[in-house]
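K.L.:
A predicted structure for the sequence below; I have some questions about it.
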Amino acid sequence: MIYYDFHIHSCLSPCADDDMSANNIIGMAYIKGLDYIAITDHNSCLNAKAFKDNELPVKVLYGIEVETQEEVHILGLFLDLDKNQEFGKWVNEYLPDVKNDPTFFGNQIIVNEKDEEIGRFDKLLLQSISKSIDEVIDKIHELKGAAILAHALDRKNSITFQLGFIPEGIKADAIEVKSVEEINKLKKMHPYLEDYLFIVDSDAHHLTDISEKDNQLSSLELERLLRPCKT
Ligand SMILES: [Zn+2]
Ligand SMILES: [Zn+2]
């Protein structure tokens, strides 16, 4: 079994703590007994590189949490750092040119693998890009990433809340929820989701919020989740 948490924000996300650096996140994931994590900042992949060469036995997926023009959050998870960086550049092209006000939204800190600050991102990351849910999912797939509907039952920025439902046949590779109870609730609301893969993540913005050893995938399920990253 693989213990995971595929939705963790680093210090680049203005709403996350400034101590969410690469070594702190990986160290905490290790202490908690996780095998696999993903780093998923709002609309940016600029901190992904810092997670590349860690020496602890915690595998890292290079991710992002995109906000679509419908204000729906979609996770893109990549095995390949270059593809992840290319996707980050694509997202940035469609991110409105509005400056971050750190005193209101928080700091957007870019770090290296030694947890040293190497810059601050100027444009506000908490915005919608001018691309739709389908366009974002297609682009993730084009760059060999897995697309996941983030916190699908939340009352903020979830597909269920923004659209009122999950469209049948949506090309997501998995649906993320916050608890096992939510999986049953979603399946009851949308019987056609029966065959989708569900994952449970923390959406951590603080080190202590990173998941405990609670959520697991079989190696077959992990294989299924990461299939788009390999084909
Ligand atoms: Zn979100
Ligand atoms: Zn998030």
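P.N.:
Done, it's in. Ligands and ions are numbered 1, 2, ... in the order given.
K.L.:
give me the number of residues near Met28?
P.N.:
21 (other C-beta atoms under 10 Å). (C-beta placed from N, C-alpha, C; glycine too.)
K.L.:
Spell out which parts of the protein neighbour ligand 1.
P.N.:
When proximity is defined as C-beta under 5 Å from the ion, the chain approaches ligand 1 at 73, 150, 157.
K.L.:
Go through the residues you listed and single out the one with the most neighbours.
P.N.:
Those, ranked by neighbours (other C-beta under 10 Å): first place His73, 28 neighbours.
K.L.:
Need the per-residue pLDDT for it.
P.N.:
His73 carries a pLDDT score of 98 in this model.
K.L.:
what's the closest non-adjacent residue to it?
P.N.:
Spatial nearest neighbour of His73, chain neighbours left out: Ala150 (3.9 Å); criterion: C-beta to C-beta, 6 or more residues apart in numbering.
K.L.:
packing partners for the lengthiest strand in the chain?
P.N.:
Longest strand of the chain, by residue count under DSSP state E: strand 59-67. Counting contacts by 3 or more C-beta pairs under 8 Å, 6 or more residues apart in numbering; DSSP states H and E, strand 59-67 packs against strand 2-8, strand 36-39, strand 73-78, helix 81-93.
K.L.:
tell me which residues in the first one are buried?
P.N.:
It refers to strand 2-8. The neighbour-count check on strand 2-8 (16 or more other C-beta atoms under 10 Å) flags 3-8 as buried.
K.L.:
average model confidence for the helix or strand following that strand?
P.N.:
Remark: after strand 2-8, the chain's next helix or strand is helix 22-31, criterion DSSP states H and E. Average pLDDT, helix 22-31: 98.
K.L.:
what do you get for stretch 145-152?
P.N.:
On average, stretch 145-152 scores 98.
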